[in-house]
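> Just need the structure, nothing else, for what follows:
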Amino acid sequence: MKVVCQNKKASFEYYILDTYEAGIKLTGTEIKSVREGKCNINDAYVIIRNNKPYILNMHIAKYEMGNIFNHDETRSRELLLHKHEILKLAQKIKLEGLTLVATKAYFQGSLLKIEVALGKGKKLQDKRETIKAREDKRNIAKNLKNSYKY
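Below is the predicted model:
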């Protein structure tokens, strides 16, 4: 599994409740550009429109060798999920006020997959607690490393 891009900000901004693996419909120049590693999902999120999931704000750079057949960089792209998963996600989004966020894009064989996470937004206080926990963990690891030197 070759990871193309990750959204590290998603775990900081949201409580990740569940993850799903989805395929994605791409054109020829888009997949060639992704194979070169020119994609970004930091601002990407998923909406469900007419019982079909779409990923918005996923940036895939234009393919250098593509001419008039090049793609729009931030167009909405359809995700491929099972019907029961789509219905389950749509219900959770509507009733519980959750959000679908793209967390990772990777190749599985020759196919590009998107890992979609169901998340609940964090408040400012929760973000501060996350930062504090991360710093504490880093300090403990640093102290343990220094104590083994002697």
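
> where does the nearest residue to Met65 once chain neighbours are set aside land in three-state SS?
Leaving aside its sequence neighbours, Met65 sits nearest to Lys32 (CB to CB, 6 or more residues apart in numbering; 7.6 Å). The way it works is simple: take the backbone N, C-alpha and C, and place the C-beta from them, glycine included. Under DSSP: H, G, I helix; E, B strand; the rest coil, the three-state class of Lys32 is helix.

> for the helix or strand His84 falls within, what is the average pLDDT?
Using DSSP states H and E, His84 sits in helix 83-96. The average pLDDT within helix 83-96 is 92.

> So what are the sheet partners of the next helix or strand after it and their directions?
Per DSSP H and E, helix 83-96 leads on to strand 99-108 as the next helix or strand towards the C-terminus. In the sheet, strand 99-108 lines up against strand 2-6 (antiparallel), strand 45-49 (antiparallel), strand 111-121 (antiparallel) (DSSP bridges).

> quick one, which of those is nearest to Lys127?
Among the strands paired with strand 99-108, the nearest to Lys127 by CB to CB is strand 111-121 (10.1 Å).

> Mind listing what's buried along that closest one?
Leu112, Lys113, Ile114, Glu115, Val116, Ala117, Leu118, Gly119 (16 or more other CB atoms under 10 Å).

> again with stretch 17-24
Counting neighbours by 16+ other CB under 10 Å, stretch 17-24 gives Tyr20, Ala22, Ile24 as buried.

> who's in contact with the last one?
Contacts of Ile24 were listed using CB atoms under 8 Å, 6 or more residues apart in numbering, and they are Ile55, Arg77, Glu78, Leu79, Leu80, Leu112, Lys113, Ile114.

> Ramachandran angles for it?
phi -140, psi 140 (degrees, to the nearest 10).

> returning to what we had before: for the buried residues of stretch 17-24, which one is nearest Val101?
Tyr20 (11.1 Å).

> If that closest one is in a bridge, with which residues?
According to DSSP bridges, the partner residues bridging Tyr20 are Val116.

> Many thanks, I have nothing further to ask.
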